[in-house]
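Asker: Build me a structure from this.
(one chain, ligands or ions: 1)
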Amino acid sequence: MPEETVLPFYRLLYRSKITLNMSHDELNRQIDDIVASSCTANADVGLTGALIAFEGMFIQVLEGSLAPLERTFERICCDLRHRHVQLVDLAAAEQRLFADWNMVRVDHDGGLARLYDMLGKSELPHLDVAKASSLISLMLSVLPPSRAH
Ligand SMILES: Cc1cc2nc3c(=O)[nH]c(=O)nc-3n(C[C@H](O)[C@H](O)[C@H](O)COP(=O)(O)O)c2cc1C
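Answerer: Numbering: from 1, shown residues only. Now for the predicted structure:
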């Protein structure tokens with residue numbers, strides 16, 4: 001039986017400030033590495049989600065059962081590749097929105113121009129639950145079809 005039918009299900013969204021100080025290309029490679037290793041680790045514990053790197057900031061959505069979600073988020077919070085990790089929303093959810101991706105990078109060249117309208121130009125823009133929900137919709141609208149492992 002799929003875990004979703006027997007376990008409560010949660011989704012979180014956080015944002016953080018990227019600390020990686022390197023060229024644009026090297027940063028892109030590092031982020032792709034983070035996403036690749038997260039894909040494998042998340043598949044092992046049944047998590048799905050998406051990551052945006054935008055204007056010096058990470059925004060990540062993670063969804064799954066509470067225990068692996070909390071354990072993974074604790075590790076992410078300790079990761080020195082970013083700081084000022086701010087949990088914007090953590091709530092029970094009825095279904096996975098990112099079921100096709102154990103982790104996927106949402107590339108803002110791929111149509112995320114509306115992020116500027118949503119977040120403005122400030123270094124640490126204000127994010128609240130309503131904005132988190134708009135961000136998730138935006139991420140979903142620009143993602144290509146794929147499949148979780
Ligand atoms: C922005 C960002 C997002 C990350 N997302 C995940 C993730 O979704 N799943 C995961 O297992 N690790 C993720 N990581 C990596 C973890 O922070 C950590 O490095 C990894 O889980 C290995 O932890 P360990 O060395 O304590 O075993 C992320 C790291 C960063 C900087």
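Asker: what's the one helix or strand Arg83 maps to in contact with?
Answerer: Element membership for Arg83, per DSSP states H and E: strand 82-92. By CB atoms under 8 Å, 6 or more residues apart in numbering, the residues outside strand 82-92 that reach it are 8-20, 58, 73, 76-77, 124, 127-129, 131-133. The C-beta positions use only the backbone N, C-alpha and C, and glycine is treated the same way.
Asker: Mind doing that once more with 6 Å?
Answerer: 8, 10, 12-19, 58, 77, 127, 129, 132 (CB atoms under 6 Å, 6 or more residues apart in numbering).
Asker: tell me the mean pLDDT for it?
Answerer: For strand 82-92, mean pLDDT is 95.
Asker: Buried residues, it. List them.
Answerer: His82, Val85, Val88, Asp89, Leu90 (16 or more other CB atoms under 10 Å).
Asker: Go back to the residues you listed and keep what's next to the ligand.
Answerer: His82 (CB under 6 Å from any ligand atom).
Asker: where in the protein is pLDDT low?
Answerer: Within the chain, the ranges that satisfy pLDDT under 70 run 1-7, 108-112, 121, 145-149.
Asker: got the residues of this structure near the ligand?
Answerer: Contact residues (CB under 6 Å from any ligand atom) of the chain with the ligand: 34, 38, 41-42, 51, 58, 60, 62, 72, 75-76, 79, 81-82, 103.
Asker: Please identify which of the residues you listed is nearest to Asp117.
Answerer: Asp117 has its nearest neighbour among those in Phe58, at 19.4 Å by CB to CB.
Asker: Fine by me, we can end here.
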